[in-house]
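Asker: sequence plus the predicted model coming up.
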Amino acid sequence: MQQRKLGADGPMVSAVGYGAMSFADFYGPATEEGSMAILDACVELGVTHVDTANVYGNGRSETWLGKWLKARGGRPPFAIATKVGIQRDPERRFNNDPDHMREQLDGSLQRLGVEAIDLYYVHRRDTAHEIEDVTETLASFVKAGKVKAIGYSEIAPSSLRRAAAIHPIAAVQSEYSLATRAPELGLVQACQELGAALVAFSPVGRGLLTDRPHSLEACRTMGFMKNNPRFVEPNHSANLAYNAKFRALAADMGVAAASLAIAWLLKQGEHVLPIPGTRSVKHLKECVAGAEMDLTDGDMARIESVLPVGWCHGDRYNAEQWEAPERYC
């Protein structure tokens, strides 16, 4: 497994990490046994970066990760990232209040069973608090020794620069894949300029960039997917038609489609770190195999020819899902 830095002064971690949102029921039922098997596979495959959040499964993702770490004993084999900023009690809202963030940090530390979190993100910005003030709160966690580095999820380049003027930002997490190219409008460049990692979630396009994309019937059973513009008709059928071209190209190259999608992302810059999430060890292995590929300029041109910029039908979020993430402008 090739290694990349998690921020300018951060640790070296595997180029491909793991997104533990899959320990919640976001894309279908998750089991504790299956989640433990995924973590075992991460160790075997050399994955050393695991990403979670306090709201994934209402704390279940952190709890299961903490239980696995305790059972394994010794020094954690992962750089662990988690997040704060989304509150679901009594209703879903965004909360960057310092007291809330401090309370939630202590809860995450307890569930994970660690003394300090390697990377702590603000999951979503609460516009009632200026980003400079939120960054000061995060910096206080670093000073207290509870957090080693800080980051933001789904922010624009302009916000990143404002935050970085207060304290070094180790990483920005954003959706980035062959199906979602918006980060190339400034975020990829700003992260590189400021020494921040760009941690790419949904790097295989929520299944679109795999050999086994979700059927329309399956999408209708998933809370997020059933109302997402890319996974309803007529967009779903149009996207699967494009996926067929990509799957054919991957087959011609002798690799899984997911491997090729990950390899393309890794080629976008040494600071880009994909974190695929899955409940399948087989799929995890396909994603990790992308780190073993070294695509040529010719390979990249072939990929772009079957999946040109803007090929994906439908926005990546519907109006409600777009409530917090900052568009790239």
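Answerer: Yep, that arrived. None of these values were measured; they are calculated from a predicted model.
Asker: switch to C-alpha atoms for all contacts and neighbour counts from now on
Answerer: Fine.
Asker: check the residue nearest the centre of the chain and give its pLDDT.
Answerer: The residue lying closest to the centre of the chain (C-alpha atoms, centre = their mean) is residue 201, at 2.6 Å. Listed pLDDT for residue 201 reads 96.
Asker: any idea how far residue 166 is from it?
Answerer: According to C-alpha to C-alpha, to the nearest Å, residue 201 stands 25 Å off from residue 166.
Asker: ok so residue 120 is a helix residue?
Answerer: No: applying DSSP: H, G, I helix; E, B strand; the rest coil, one finds residue 120 to be strand, outside a helix.
Asker: hmm, back to that, which non-adjacent residue is nearest the residue nearest to the centre of the chain?
Answerer: For residue 201, ignoring the flanking residues on the chain, the nearest one in space by C-alpha to C-alpha, 6 or more residues apart in numbering is residue 175 at 4.8 Å.
Asker: please identify the buried residues of stretch 34-53?
Answerer: Within stretch 34-53, the residues scored as buried using 16 or more other C-alpha atoms under 10 Å are 35-36, 38-39, 41-42, 46-53.
Asker: for those residues, which two are the farthest from each other?
Answerer: Using C-alpha to C-alpha, the pair of the buried residues of stretch 34-53 lying farthest apart is 46 and 53, separated by 21.8 Å.
Asker: the closest residue to residue 31 other than its chain neighbours: neighbouring residues, count only.
Answerer: Excluding its sequence neighbours, the residue lying closest to residue 31 (C-alpha to C-alpha, 6+ apart) is residue 23, at 7.3 Å. By the measure other C-alpha atoms under 10 Å, the count of residues near residue 23 is 30.
Asker: wait, residue 23 sits on residue 58?
Answerer: No: counting by C-alpha atoms under 8 Å, residue 58 is not a contact partner of residue 23; they are 10.7 Å apart.
Asker: for the strand or helix carrying residue 258, output the C-alpha coordinates as CSV.
Answerer: Under the criterion of DSSP states H and E, residue 258 resides in helix 257-266. Extracted in CSV, the C-alpha atoms of helix 257-266 (Å, rounded to 0.1, in the frame of the first residue of the first chain):
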residue,chain,number,x,y,z
ALA,A,257,-14.3,-0.8,-12.2
ALA,A,258,-13.9,0.3,-8.5
SER,A,259,-10.1,-0.2,-8.7
LEU,A,260,-10.0,2.0,-11.8
ALA,A,261,-12.1,4.7,-10.2
ILE,A,262,-9.8,4.8,-7.2
ALA,A,263,-6.6,4.8,-9.3
TRP,A,264,-8.0,7.8,-11.3
LEU,A,265,-8.6,9.7,-8.0
LEU,A,266,-5.1,9.0,-6.7
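Asker: for it, name the packing helices and strands.
Answerer: helix 235-253, strand 272-274, helix 281-289 (3 or more C-alpha pairs under 8 Å, 6 or more residues apart in numbering; DSSP states H and E).
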